[in-house]
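K.L.:
sharing a model prediction with you, sequence too.
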Amino acid sequence: MKWVKRIMLIIISLGFLYTGLVLFLIFSGTKDQPTSTPDTVLILGAQVKGSSKDNAYPSTVLKERLDASIPYLKEHPNATAIVCGGQGSDEPDSEANVMAEYLRANGISQEQILSEDTSTRTKENIQNAQKKQALGNTVIVTSDFHLYRSKLLAKRLGISEISGLPAVSKSSAKFKTYAREVIALGYGLLFDH
């Protein structure tokens, strides 16, 4: 019976160690600072709400990302904003369309915006954006808890000049999103190459 307890203790200890390490990496991404010379600002999508295409609007998480990007895009009008995200089965419009509309409504010119509206996950966001144009010095805008993994994937996809603009997460589902990211980052570290 003692060996069963020892094995359980080892498994629990490894679980705590893993969670601590991954949370450290996630929190390190929340402190990132964007470059002052961006070529591309890559804004990653999140869920879109609404009952039809005419009244589609960004979820709280997506609005946080867009609101973080707007002042930065106004400071850097020569940088191209690529809005990323396809349309999920539960969404009235593509994330990219809703994001582009939100940016235009908040003073970002259409000439500064490129849409990537086919991707369904972070890695695809970055890969499909690379097909739109050469990204150059790239700033990724995403939720603070999601930034470390996003930059990791971008580096693995060959983007060497990469920095992040973290959108501070104020969502009531903060615990759930961090817990989900602990699992997603673990998967990304091991398998998302």
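P.N.:
Okay, I see it.

K.L.:
give me the residues contacting stretch 53-73.
P.N.:
34, 38, 41, 43-50, 79, 81, 91-93, 95, 97-99, 102-103, 106-108, 112, 139, 141-143, 165-171, 177 (CB atoms under 8 Å, 6 or more residues apart in numbering). (C-beta placed from N, C-alpha, C; glycine too.)

K.L.:
mind redoing it with 6 Å?
P.N.:
43, 46-50, 81, 92-93, 98, 102, 106, 108, 141-143, 165, 167, 171 (CB atoms under 6 Å, 6 or more residues apart in numbering).

K.L.:
name the nearest residue to the spatially most central residue of the chain, sequence neighbours excluded.
P.N.:
Among the residues of the chain, the one closest to the centroid is T142, at 3.6 Å (CA atoms, centre = their mean). Excluding the flanking residues, the one nearest T142 by CB to CB, 6 or more residues apart in numbering is L44, at 4.3 Å.

K.L.:
what about this structure, any weak spots by pLDDT?
P.N.:
Along the chain, the model assigns pLDDT under 70 to residues 29, 171-179, 182, 185-193.

K.L.:
now, which of the contacts of stretch 53-73 lie within helices?
P.N.:
98, 102 (DSSP state H).
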